[in-house]
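> this one's sequence-less:
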């Protein structure tokens, strides 16, 4: 800290100000330390009661009874949320905290440095601290993800739980209870100990397992067995805004069942007592895709089944989150295996955790029939084009993007093409395609990444206890499948800058990135779902809701013309903007010399922008490489 010396009006120097430094030292002297987590059992079982009946105000009301001893106690609100890869605990929605012991109020104070820690002095004779508070589910989308609507709610236990510092979360036992609105049904990986009307008591389990076992509940609920008659059930728990949205034909259910069987054939083991796809189909409940060891949280629009042919782009969410049971939950990076929910995570291996899961999610979606093989090629084409035109690859590696959940917290970016985002997902999938095809090539098609998956994730059948891995473990397992310099191979792709995307895997799979003037029906479908028109590979931007320009390509035509996000596109060559109008103008400008004229508005300023672009429409696609083996077809084929 620097002490400032200021001058008085007559030029005499004032005495140095020591008060801020003294105050800081005094604060440090009286500040209670937050105890580090120890791998010892917490004495007693916490009783947690969540009342989720206040649908009108979207408030979860919580009561918690915490066994204690006299003396200092620090309670923690979870900060590092598993699956979010960053310090995203919803502290702004945590409110109303009161503590008491033996019926008398206990004063708490927040730690001055750790906002997620609350200190309290437990008086002699108090054996239990009673806590009351609320979790205020966002009521508008700009406040966060909506977790309670009039028909569906999701209980994420990290959002409604305080726990004592000083103990590993796996050594703190919790008996959770949930009160639902009258007549509602629910799905969860949790085991029910008792149910009386709408009050559910779950079996006691450790805090780590509880946080990993969310609940989806709703007015309209349907359970579909995806592995009928199996000793280890897998269930699709559907919740909707109406009963009609849960109607599914046998033909629609079939690929979901095939997904389970294809995953078993790939991994050769399972690591759960039962698995629940918690799947909300809603216009109001917040969209999500989040992994858990024995379940997953999934939510999309209500027309998932009713408009089946137009929703193929949405189906890969289920296969991705299912793969996480093996990769990310059972096998997880060693630097993600921390003692509690307030110890920082490290994300160095997210290109395995998420990148390989992205790859297997896409492969299994195709193998099961959730997404057609031709449409999966479109997904690869879209990813290849995105990263082949990613200007930010010139300064930022895909390895560094694993830090993005901590740096950015998944907030929108003004210049995503330059700043980069969580590219370890889709670029990671391209890297794993590269690995897969290299193994196939080196082994004369006798081995593949499937063999790695079985050897690495398919061990210890039935075990649900996490088995951490390191970079060296990944390299060693790859070498056990096929000898090669995998460490050098991976580091070159993770730490490289291009130019261009890592497309060797596509080429070795027998395909190359190309562009055409027509957009595939599948990518058009995905574009419609995102509510935008994509001109990324022509003018270097997209046009979204309210005709707003966004996703500008750094140094692309739009960028060079001075456009930026937040700009509204009003007209094209004097005609009111519609996507079809701009597409027609781009076609007409091909081979012409006259620039395209866009009337735009930003703030209160209007201006006309001239774009000297004459290459026509360009949409990504994959083309076969003549004479090359089609390994991509082999990869996407269902396993027998």
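Looks like it came in fine. What you are looking at is a predicted structure, and each value in this text was computed from that prediction instead of being measured. Numbers count the residues shown, from 1 in each chain.
> for stretch 395-415, which residues meet the burial criterion?
The neighbour-count check on stretch 395-415 (16 or more other Cβ atoms under 10 Å) flags 396-399, 401-406, 408, 415 as buried. Quick note: C-beta positions are derived from backbone N, CA and C, even for glycine.
> check the contact between residue 475 and residue 484; I expect there is one.
No: using Cβ atoms under 8 Å, residue 475 makes no contact with residue 484, being 9.6 Å away.
> on that earlier part again, and the buried residues of stretch 395-415, which of them are in helices?
Using DSSP state H, 404-406 are the members of the buried residues of stretch 395-415 that sit in helices.
> what's the closest of these to residue 615?
The closest of these to residue 615 turns out to be residue 404 (Cβ to Cβ; 32.1 Å).
> and the closest one, what pLDDT?
Residue 404 is assigned 97 on the pLDDT scale.
> nearest to residue 608, of the buried residues of stretch 395-415?
The closest of the buried residues of stretch 395-415, once distances to residue 608 are taken by Cβ to Cβ, is residue 415, at 23.5 Å.
> show me what contacts that closest one?
Residue 415 is in contact with 552, 554, 565, counting by Cβ atoms under 8 Å, 6 or more residues apart in numbering.
> how much space separates the closest residue to residue 347 other than its chain neighbours from residue 513?
Distances taken as Cβ to Cβ, 6 or more residues apart in numbering place residue 402 nearest to residue 347, at 4.2 Å, with adjacent residues excluded. Between residue 402 and residue 513 the computed distance is 25 Å (Cβ to Cβ, to the nearest Å).
> residue 130: helix or strand, and which one exactly?
strand 128-136 (DSSP states H and E).
> could you give the separation of the following helix or strand past that strand from the chain centroid?
Moving toward the C-terminus from strand 128-136, the next helix or strand (DSSP H and E) is strand 152-155. Taking Cα atoms, centre = their mean, to the nearest Å, the mean C-alpha location of strand 152-155 is offset from the chain mean by 18 Å.
> repeat that for stretch 535-547.
For stretch 535-547, the distance to the chain centre is 25 Å (Cα atoms, centre = their mean).
> and if you look at stretch 380-395?
The answer for stretch 380-395 is 20 Å, by Cα atoms, centre = their mean.
> who touches that stretch?
362, 416-420, 423, 426-427, 429-430, 433, 497-503, 506, 511, 513, 515, 523, 526, 536-537, 553-555, 620-622, 632.
> mind checking which of those are buried?
362, 416-420, 423, 426-427, 429-430, 433, 501-503, 506, 511, 513, 515, 523, 526, 536-537, 553-554, 620-622, 632.
> for residue 597, grab the count of nearby residues.
The number of residues packed near residue 597 is 14, by other Cβ atoms under 10 Å.
> quick one: contacts for it?
572-574, 608-611.
> show me where the stretch 351-500 of the chain has its helices.
355-368, 373-388, 404-407, 416-419, 426-442, 449-457, 471-481, 486-494 (DSSP state H, counting those that start in this stretch).
> of all these, which one is nearest residue 56?
Using Cβ to Cβ, the nearest of those to residue 56 is helix 404-407, at 33.7 Å.
> what residues does the host helix or strand of residue 332 touch?
Here residue 332 sits within strand 331-333, counting by DSSP H and E. Here strand 331-333 makes contact (Cβ under 8 Å, 6+ apart) with 346-350, 352-353, 456-457, 466-470.
> could I get those residues as JSON lines with pLDDT and neighbour count?
Output for the contacts of strand 331-333, formatted as JSON lines (pLDDT from 0 to 100; neighbours: other Cβ atoms under 10 Å):
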{"residue": "346", "pLDDT": "96", "neighbour count": "16"}
{"residue": "347", "pLDDT": "97", "neighbour count": "23"}
{"residue": "348", "pLDDT": "98", "neighbour count": "17"}
{"residue": "349", "pLDDT": "98", "neighbour count": "25"}
{"residue": "350", "pLDDT": "98", "neighbour count": "28"}
{"residue": "352", "pLDDT": "98", "neighbour count": "25"}
{"residue": "353", "pLDDT": "98", "neighbour count": "27"}
{"residue": "456", "pLDDT": "98", "neighbour count": "24"}
{"residue": "457", "pLDDT": "98", "neighbour count": "25"}
{"residue": "466", "pLDDT": "95", "neighbour count": "18"}
{"residue": "467", "pLDDT": "97", "neighbour count": "16"}
{"residue": "468", "pLDDT": "98", "neighbour count": "13"}
{"residue": "469", "pLDDT": "98", "neighbour count": "22"}
{"residue": "470", "pLDDT": "98", "neighbour count": "13"}
